[in-house]
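> sequence? don't have it. structure:
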């Protein structure tokens, strides 16, 4: 995906883009602080794990019994990451991957994220609010199927049903598909 970060076999961080002819090219990302580079590498692991699970859930050939292994890997890389760097939606993590087009996907893995309140914050000092640690709830994808395999309609009872199937699959009228 254009703008995505990725890591090569040696651990170097690259960004994908396209040249003027539209061909994919990779540019090494240099001059990153060590901690930012480590955060990006960890976030890439989470992104890759959630994308693998999503592909598996959408693939009609993936057995239901295979999904827990994908889910276990996602939970493992996520849990290891937040132990070291905090929640995905924490400022430092969001800033590290701010330019990556998949950062919103990563942010969505933590619904109900709360940055918390430090005892030194203005809200605590002036408004009397109680300090609280950051918190987040894991998204449903960590524990259950959230996507269903694509169901391809191979026959229709009427022309109207075939038209609806074409619109659902292609977002337009595809006469070749309708006449099959």
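The structure has been received and is ready for your questions. Just so it is clear, the structure is predicted and the values come from calculations on it, not from any experiment. Residues are numbered from 1 along each chain as shown.

> residues touching the residue nearest to residue 96 when sequence neighbours are not counted, list them.
Using Cβ to Cβ, 6 or more residues apart in numbering and skipping the chain neighbours, the partner closest in space to residue 96 is residue 39 (4.2 Å). (C-beta placed from N, C-alpha, C; glycine too.) Neighbour list for residue 39: 85, 92-93, 96-97 [criterion: Cβ atoms under 8 Å, 6 or more residues apart in numbering].

> farthest from the middle of this protein: give me that residue.
Within the chain, residue 158 marks the point farthest from the mean C-alpha position, 38.9 Å out by Cα atoms, centre = their mean.

> show me where this protein dips below the pLDDT cut-off.
Residues of the chain that meet the criterion pLDDT under 70 lie in 123.

> could you point out the longest helix of it?
If you go by DSSP state H, the chain has its longest helix at helix 34-58.

> what residue lies at the spatial centre of this structure?
When Cα atoms, centre = their mean is applied to the chain, the residue found nearest the centroid is residue 105 (3.4 Å).

> residues of the longest helix of the chain that come out buried?
By neighbour count on 16 or more other Cβ atoms under 10 Å, the buried set for helix 34-58 is 36-37, 39-50, 53-54, 56-57.

> again with stretch 138-145
138-139, 141-142.

> cool, stretch 116-135 as well?
Residues of stretch 116-135 classed as buried: residue 117 (neighbour count, 16+ other Cβ under 10 Å).

> then stretch 158-177?
Judged by neighbour count (16+ other Cβ under 10 Å), stretch 158-177 contains these buried residues: 162-163, 165-166, 174, 177.

> check what contacts it and list those residues.
Outside of stretch 158-177, the residues within contact range by Cβ under 8 Å, 6+ apart are 152-153, 156, 178-179.

> look up how far residue 158 lies from residue 168.
Distance of residue 168 to residue 158, computed by Cβ to Cβ, to the nearest Å: 15 Å.
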